[in-house]
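Chemist: here is my input, please return the structure:
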Amino acid sequence: MHFIMAIENDPNSSQDLENIFLGLRQRVVITKFSQTVQEYVKSSNPDIILMGLSFKDKKELEFVLELRRDVITHNIPILAMIPKEDTNFIANHKALGFTDYMVKPLIKQPLLDRIHSHIEEYKFSESSKTRDNMSFVVVDRGHGRVLFQCRANLKRYVFPEFKKIFTPNFLKSIQSERICFDVRVVPELGKDEVEVFERVMKLFSNHEKVVFIAGRHMGAFIEHAADDEKMLVFMAPNEFEEYVKMEEQKKEEQRKKEKKEKFIKETGKEPPPAPTLLSQVKIELPINPPSEPEISNPSSESTNTSSNSDSTQSPPQP
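Modeler: Predicted structure coming up:
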């Protein structure tokens, strides 16, 4: 059963989509465009996205480009549903991140045929990449964290590859970094897989927490995880990023607290509060600045002397 995600703000077009998919054996979600929906798309990993465009809100196009930058959603087919023929959009829809487009009003069978074609092509492309690359775990390291993107069946492909990745030298090199597993695109995840992940977590005994971005598998972690104190599970990447920001903020507050305590211990008094307004910043200027010595003009003195000399001399007597 394929998962079709339709994002449509126009109520009439949304109703048309409901009528088209009525009675079909497909998992279909039809919703309006919002920030919540954007995160849901990233976490639920649909097989195709139908995106209704109004050509009035640039956030619609920005959202599609954002999906293309995400390592999980960058290859998902996106079919634009446009209100009218637009030569500029049609000429540039690939560059804007869309796989295909259709002009409203939508006709049932052509739409279903197009959806089926794109999903089959997408599935074949993904399976080909898996066979060609023979890499079922993508390691993304940077900014103080290591992200392991699991991209295939866990038991058959991912867990055996972990044995090759987690060498003693590699584990030693990442002991001070955050550990995160992204399992959103894994096809199946149940009790057995959660138990294996808990054994994998023992490799990171020096880490306080190990993070999982679970998407639609979040229920499996909640139901089957035994070590829920060490395991942190998030639905989508943005939730993990917010958590990281909060942790960094806590560290900064702790650093300031320790600095203050050290100052009190060394000086025996409270440190002065940092100014928060420009008006609170004191700038001291000297009230009576030292006067600079006058610099005489030699040419002026010479002229004066000559003048005085002339005035004191008596004219010669005849």
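Chemist: check contacts around the residue lying closest to Ala236 once chain neighbours are set aside.
Modeler: Nearest residue to Ala236 in three dimensions, chain neighbours excluded: Ser43, at 3.9 Å (C-beta to C-beta, 6 or more residues apart in numbering). For glycine as for every other residue, the C-beta is placed from the backbone atoms N, C-alpha and C. Each residue near Ser43 by C-beta atoms under 8 Å, 6 or more residues apart in numbering is listed here: Arg184, Ile213, Ala214, Gly215, Arg216, Met235, Ala236, Pro237.
Chemist: now do the helices in the protein.
Modeler: Counting by DSSP state H, the chain has these helices, from start to end: 11-21, 35-44, 58-69, 87-92, 108-133, 159-165, 168-173, 191-201, 218-224, 237-267, 298-312.
Chemist: who wins for proximity to Val139 among these?
Modeler: helix 159-165 (6.7 Å; C-beta to C-beta).
Chemist: tell me the buried residues in that closest one?
Modeler: Phe159, Glu161, Phe162 (16 or more other C-beta atoms under 10 Å).
Chemist: where does the prediction get shaky in the stretch 1-150 of the chain?
Modeler: Confidence mapping of the stretch 1-150 of the chain against pLDDT under 70 gives the ranges 126-134.
Chemist: wait, what's in contact with the spatially closest residue to Tyr40 that is not a sequence neighbour?
Modeler: Among residues not flanking Tyr40 along the chain, Ala236 sits closest, at 7.5 Å (C-beta to C-beta, 6+ apart). Applying C-beta under 8 Å, 6+ apart, we find Ala236 in contact with Glu39, Tyr40, Lys42, Ser43, Ile213, Gly215.
Chemist: for Lys245, see how far away Ala236 is.
Modeler: Computed as C-beta to C-beta, to the nearest Å, the Ala236 to Lys245 distance reads 15 Å.
Chemist: could you turn the buried ones of the contacts of Ala236 into a PyMOL selection?
Modeler: In PyMOL, a selection of the buried entries from the contacts of Ala236 looks like this (16+ other C-beta under 10 Å):
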select buried, resi 40+42+43+213+215
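Chemist: just to revisit the earlier point, just tell me which of the helices of the chain ends up closest to Asp100.
Modeler: Of all the helices of the chain, helix 108-133 comes closest under C-beta to C-beta, at 6.5 Å.
Chemist: now the residue nearest to Lys32 when sequence neighbours are not counted: how far from Ile107?
Modeler: Nearest residue to Lys32, sequence neighbours excluded (C-beta to C-beta, 6+ apart): Asn9, at 5.2 Å. According to C-beta to C-beta, Asn9 and Ile107 sit 21 Å apart.
Chemist: kindly report the same for Tyr122.
Modeler: For Tyr122, the distance to Ile107 equals 22 Å [C-beta to C-beta].
Chemist: compare the two (neighbour count), which wins?
Modeler: Tyr122 (17 against 12; other C-beta atoms under 10 Å).
Chemist: circling back to that earlier point, for the residue nearest to Tyr40, phi and psi?
Modeler: Backbone geometry at Ala236, expressed as degrees, to the nearest 10, gives phi -140, psi 160.
Chemist: contacting residues for the spatially closest residue to Thr99 that is not a sequence neighbour?
Modeler: Nearest non-adjacent residue to Thr99, counting by C-beta to C-beta, 6+ apart: Pro77, 4.2 Å away. Contact partners of Pro77, counting by C-beta under 8 Å, 6+ apart, are Asp47, Ile48, Ile49, Thr99, Asp100, His118, Ile119, Glu121, Tyr122.
Chemist: among these, name the buried ones.
Modeler: Buried members of these, counted by 16+ other C-beta under 10 Å: Asp47, Ile48, Ile49, Thr99, His118, Ile119, Tyr122.
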